[in-house]
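Chemist: this is a predicted model, with the sequence first.
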Amino acid sequence: MRARLRVAISALILCAPVSAFGAGHVNVATIDGSINPASSDYLQQAIADSESDGAEILVIELDTPGGLLSATKDIIQAMLNASVPVAVFVSPRGAWASSAGAYITIAANIAAMAPGTSIGAATPVSLGGAPSDEDEEKEKSAASQKAENLVSAFMESIAKERDRNVEWAVDAVRKAIAVSQDEALALGVIDVVADDLPDLLRQIDGREVKVRGATRTLQVADAEVRRIEMSTATRLLDVLASPDLLVILFLAGLVGLYIEANQPGLIIPGVAGAVCLILALIGMQIIPFSWVGLLLLLAGIGLFVAEVFVTSYGILFALGIACFLLGGSMIFERPEVSDLDVSFWSVLVPAVTALSTFAAIVVYAVGRTIRRRQTAGVDELIGMIGTATTALDKSGTVFVRGEYWKAFTDEPIQEGERVEVTRVEGLELRVRRVLRHA
């Protein structure tokens, strides 16, 4: 009898809901920046960790201006196929889920936003957003139209899968519309508006979500919160996946190597320049770049160097600045895979201005040195003034630059008279008398 009672009690314990004995735990991952391969790997690993450690739900705290569409696709694919519920919480106040962030938010089992946040504008920047009239629609290239159709269909399929407002989701791509948290809630784009993470967990506690076709009831009100941090290597790659930073690193690397080349032995500028260029090259492996933009940057360097040796009255220098501005603005312009770009006025223009100022100083200094009379070697004797130490009748001896030289002349010169060197022939100087009234 006692054995049967123990079996019955054990069965009741096993069948009892988790909340009866204390809630499980909630994993939290945080994205504060662009969506790129590094942040994509981080979120995919967070989903895998949450599946393996039995988390009740994975909450992604999101604040992003957008990013790579390829990385976004990988994240969404992992979310849709996850065996653990995933919630996306656009927070803190003032955060936004723009472009790629809108896709990720809509793909979540639970979509939430904090007060003062926004979502939308999911059109890749280089596609030009929504057309304002029929003429602009006709001007779109076939490639841009194809890309827009693709991402629109992608967004539509995600919205249907999560039972969200499909019409708004498509308009977010085609018309680049964006809404606040209250509008998003009213339109059925999100599920919850929460002040913070504890408020979010309280509001979604007891909700039913579908995970791989099965319905699950969330029990997270009193759950332990465990934060999943990025590894050091992933964090470094995430920082490098910034077009603004990569342009600055590239230009700083060039300046450092130039200083080291002109002043060998300083070491620090050369090492710093090499490190900056290496980091820039690593970043360019993370963010797809345009070879045309990179070649324009290199052409700008070539024009700066050419200005030193060619008298162009600043034309080559001005063209070099134009190449830097144009190349920098289009180096990461890849509409088919990204909506990231370099900040033109706040980053590119100041960086190119600083580089141009440095280059102008170098061009002036080097140009003045090249055009200055020689100050070393025997040729620098030309034009110097000396004294005849003997009478010169065709030839004799003169004292120039602290040395005695054999000299010859076409005119008689008396001992003690001042002479000027006009030519150096081997170890002999051709001189002439310095007129007293000169």
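Modeler: Arrived safely, thanks for sending.
Chemist: where does the prediction get shaky in this structure?
Modeler: Counting by pLDDT under 70, the chain has low-confidence residues at 1-23, 124-144, 262, 308, 333-347, 362-379, 436-438.
Chemist: domains of it?
Modeler: For the chain, automatic domain parsing gives the domain ranges 23-233, 242-371, 378-433.
Chemist: highest average neighbour count across the ones you listed?
Modeler: Ranked by mean neighbour count under mean count of other CB atoms under 10 Å, the domains of the chain are led by domain 23-233, which reaches a mean of 19. From N, CA and C alone the C-beta is placed, and that goes for glycine too.
Chemist: roughly how far is that one from the heart of the chain?
Modeler: For domain 23-233, the gap between its own C-alpha mean and the chain's C-alpha mean amounts to 23 Å (CA atoms, centre = their mean, to the nearest Å).
Chemist: and stretch 323-334, C-alpha only, in CSV?
Modeler: C-alpha atoms of stretch 323-334 as CSV (Å, rounded to 0.1, in the frame of the first residue of the first chain):
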residue,chain,number,x,y,z
CYS,A,323,38.0,60.5,-54.8
PHE,A,324,38.1,60.1,-51.0
LEU,A,325,34.6,61.5,-50.5
LEU,A,326,33.1,59.5,-53.4
GLY,A,327,34.9,56.3,-52.6
GLY,A,328,34.2,56.5,-48.9
SER,A,329,30.5,57.1,-49.5
MET,A,330,30.1,54.1,-51.8
ILE,A,331,32.5,51.6,-50.4
PHE,A,332,29.8,49.7,-48.4
GLU,A,333,26.9,50.5,-50.8
ARG,A,334,25.7,47.0,-51.5
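Chemist: ok, the residue nearest to the spatial centre of the chain to P288 distance?
Modeler: Nearest residue to the geometric centre of the chain (CA atoms, centre = their mean): P243, 2.0 Å. Relative to P288, P243 is positioned 11 Å away (CB to CB, to the nearest Å).
Chemist: overlap of the contact sets of those two?
Modeler: Common contacts of P243 and P288 (CB atoms under 8 Å, 6 or more residues apart in numbering): F332.
Chemist: am I right that the residue nearest to the centre of the chain is in contact with M330?
Modeler: No. P243 lies out of contact with M330 (CB atoms under 8 Å); the separation is 10.8 Å.
Chemist: what touches both of these two?
Modeler: With CB under 8 Å, 6+ apart, P243 and M330 have no common neighbours.
Chemist: before we move on, back to that, please report how far the residue nearest to the centre of the chain lies from R401.
Modeler: Using CB to CB, P243 is found at 58 Å from R401.
Chemist: return the residues in contact with the spatially closest residue to G396 that is not a sequence neighbour.
Modeler: On the basis of CB to CB, 6 or more residues apart in numbering, the spatially nearest residue to G396 that is not a chain neighbour turns out to be T390, at 4.3 Å. Residues near T390 by CB under 8 Å, 6+ apart: G396, T397, E415.
Chemist: what is the first one paired to in the beta sheet?
Modeler: For G396, the beta-bridge partners under DSSP bridges are A407.
Chemist: thought it was touching A388?
Modeler: Yes. Between G396 and A388 there is a contact under CB under 8 Å: 6.4 Å.
Chemist: so what sits against both of those two?
Modeler: Common neighbours of G396 and A388, using CB under 8 Å, 6+ apart, are A407, I413.
Chemist: where do the helices sit along the stretch 101-250 of the chain?
Modeler: 134-139, 142-161, 166-174, 181-187, 197-204, 232-240, 243-262 (DSSP state H, counting those that start in this stretch).
Chemist: Throw these into JSON lines and include distance to I60, thanks.
Modeler: Below are the helices of the stretch 101-250 of the chain laid out as JSON lines (distance: least, CB to CB, whole Å):
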{"stretch": "helix 134-139", "distance to I60": "36"}
{"stretch": "helix 142-161", "distance to I60": "15"}
{"stretch": "helix 166-174", "distance to I60": "18"}
{"stretch": "helix 181-187", "distance to I60": "16"}
{"stretch": "helix 197-204", "distance to I60": "11"}
{"stretch": "helix 232-240", "distance to I60": "15"}
{"stretch": "helix 243-262", "distance to I60": "23"}
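Chemist: who wins for proximity to M79 among those?
Modeler: helix 142-161 (9.2 Å; CB to CB).
Chemist: what's the closest one packed up against?
Modeler: Using 3 or more CB pairs under 8 Å, 6 or more residues apart in numbering; DSSP states H and E, the elements in contact with helix 142-161 are helix 69-80, helix 100-106, helix 166-174.
Chemist: export the first one to PDB, keeping only CA atoms.
Modeler: The C-alpha atoms that make up helix 69-80 are tabulated as PDB, following Å, rounded to 0.1, in the frame of the first residue of the first chain:
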ATOM      1  CA  LEU A  69      20.100  41.200 -44.900                       C
ATOM      2  CA  SER A  70      22.100  38.000 -45.100                       C
ATOM      3  CA  ALA A  71      22.800  38.000 -41.300                       C
ATOM      4  CA  THR A  72      19.100  38.900 -40.700                       C
ATOM      5  CA  LYS A  73      18.000  35.900 -42.700                       C
ATOM      6  CA  ASP A  74      20.200  33.600 -40.600                       C
ATOM      7  CA  ILE A  75      18.800  35.000 -37.400                       C
ATOM      8  CA  ILE A  76      15.200  34.600 -38.500                       C
ATOM      9  CA  GLN A  77      15.800  31.100 -39.800                       C
ATOM     10  CA  ALA A  78      17.200  30.100 -36.400                       C
ATOM     11  CA  MET A  79      14.200  31.800 -34.600                       C
ATOM     12  CA  LEU A  80      11.500  30.100 -36.700                       C
END
